[in-house]
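1. sequence first, predicted coordinates after that:
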Amino acid sequence: MKIGFSLRRIMSALAWICLPLLWDGSQAHAASSALETAAPTTTTSLILTVMTHAGGFGVFIWLCLILCACALGFVLALACIMLRKKKAAPPVLVESVRNSLEQGDLLKAIQQCEKNSTPIARILREGFVHVEEGFEVIQDAAHVMCGVEEERLLRHVARLRSIAIFAPMLGLIGAMQGLIFSFSAFSKTTADALQQTLLAAHVSYSLWPVTLGLIIAVPAGIGSFFFKNRAARITLHLRTLTLDLIKTLRDVEVVQE
């Protein structure tokens with residue numbers, strides 16, 4: 001079963017959901033009025049203030065950051081499951097194919113590979129179907145398929161890199177929009193001690209998206225580096241294992257029944 005997600009589709013859905021907020025003048029007016037109120041006293045009200053003080057666009061940025069955090073957890077969990085040597089090349093399948101080849105039963109080996117959807121099974125099956133064309137063709141076909149499987153393994157790394165790039169950018173956009181909103185709102189009020197205190201508070205609120213974006217980006221970057229190295233080791237293991245298995249076909253003769 002293929003597991004994946006389309007970040008573009010989810011972002012588009014969020015855009016349609018939040019579009020009314022972006023153009024709702026009453027929402028912006030309410031947020032502007034909120035700047036003149038006292039600072040929140042509870043944790044819940046503080047979180048809501050941080051997320052909504054910059055209006056509808058600020059809420060949209062926060063939803064995107066929350067989406068990035070959820071995507072990060074999903075991709076990390078998926079990479080931990082899929083990027084394993086035992087997952088890419090199950091020892092039971094390898095030994096079964098090896099025994100079939102040693103017994104000269106190529107048809108049985110092909111059937112065993114067709115029953116599995118693992119990378120090593122797809123690589124071996126691609127090589128076995130060219131057995132009538134000679135060992136060099138088998139080797140070339142398996143080599144090409146190893147490259148295809150390597151790209152499949154690196155998809156998880158690409159997703160982590162995308163999250164590591166876009167999360168800080170979203171946070172920076174949210175911070176800039178929050179600062180613009182805050183200074184614009186306070187420029188229309190009298191500058192007294194209370195207003196200066198509230199301005200400082202709301203400037204600090206505007207910096208939270210950047211903080212969250214960096215918190216998301218750091219593990220995403222570390223994860224992409226870690227899983228890239230693991231994917232490289234798995235690919236090397238697949239290539240070595242494939243050559244070891246198909247070497248028995250070097251002098252094979254196909255008998256037509």
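-> Yes, it's here. Residues are numbered from 1 along each chain as shown.

2. may I see the buried residues of stretch 90-103?
-> Within stretch 90-103, the residues that qualify as buried are 93-94, 96-97, 100-101, counting by 16 or more other C-beta atoms under 10 Å. From N, CA and C alone the C-beta is placed, and that goes for glycine too.

3. and if you look at stretch 168-179?
-> Using 16+ other C-beta under 10 Å as the test for burial, stretch 168-179 gives 168, 170-171, 173-175, 177-179.

4. with those residues in mind, which one is nearest to Ile66?
-> Nearest to Ile66 among the buried residues of stretch 168-179: Leu170, at 10.4 Å, using C-beta to C-beta.

5. list the helices and strands the strand or helix carrying Leu153 packs on?
-> If you go by DSSP states H and E, Leu153 is part of helix 135-186. Helix 135-186 sits against helix 25-34, helix 55-82, helix 119-128, helix 193-246, with contacts defined as 3 or more C-beta pairs under 8 Å, 6 or more residues apart in numbering; DSSP states H and E.

6. deepest-packed of these, please.
-> Mean neighbours per residue, mean count of other C-beta atoms under 10 Å, is largest over the helices and strands packed on helix 135-186 for helix 119-128, with a mean of 23.

7. what mean pLDDT does that helix have?
-> The average pLDDT for helix 119-128 rounds to 90.

8. who's in contact with that helix?
-> Here helix 119-128 makes contact (C-beta atoms under 8 Å, 6 or more residues apart in numbering) with 88-90, 93-94, 97, 106, 109-110, 112-115, 138-139, 141-142, 144-146, 148-149, 152-153, 238, 241-242, 245-246, 249.

9. next one, pLDDT for Phe183 please.
-> 74.

10. for Val254, that is, sorry about that
-> On the pLDDT scale, Val254 is placed at 51.

11. likewise for Phe5?
-> pLDDT, Phe5: 44.

12. show me the shaky parts of the stretch 1-150 of the chain.
-> For the stretch 1-150 of the chain, the stretches with pLDDT under 70 are 1-55.

13. among the helices and strands packed on helix 135-186, which comes closest to Leu160?
-> Among the helices and strands packed on helix 135-186, helix 193-246 comes nearest to Leu160, with 3.8 Å by C-beta to C-beta.

14. just to revisit the earlier point, taking helix 55-82 as reference, get the angle to the helix holding Leu153.
-> Relative orientation of helix 135-186 with respect to helix 55-82: 150 degrees, computed using axes from the mean of the first three to the mean of the last three C-alpha atoms, to 10 degrees.

15. how far does helix 135-186 sit from the chain's center?
-> Helix 135-186 sits 7 Å away from the centroid of its parent chain (C-alpha atoms, centre = their mean, to the nearest Å).

16. return the residues in contact with the closest residue to Pro119 other than its chain neighbours.
-> Once flanking residues are discounted, Pro119 sits nearest to Glu149: 4.2 Å by C-beta to C-beta, 6 or more residues apart in numbering. Applying C-beta under 8 Å, 6+ apart to Glu149 gives the contacts 88, 119, 122-123, 235, 238.

17. cutoff 10 Å now
-> By C-beta atoms under 10 Å, 6 or more residues apart in numbering, the residues touching Glu149 are 88, 118-120, 122-123, 126, 231, 234-235, 238-239, 242.

18. how close does it get to Leu238?
-> According to C-beta to C-beta, to the nearest Å, Glu149 stands 6 Å off from Leu238.
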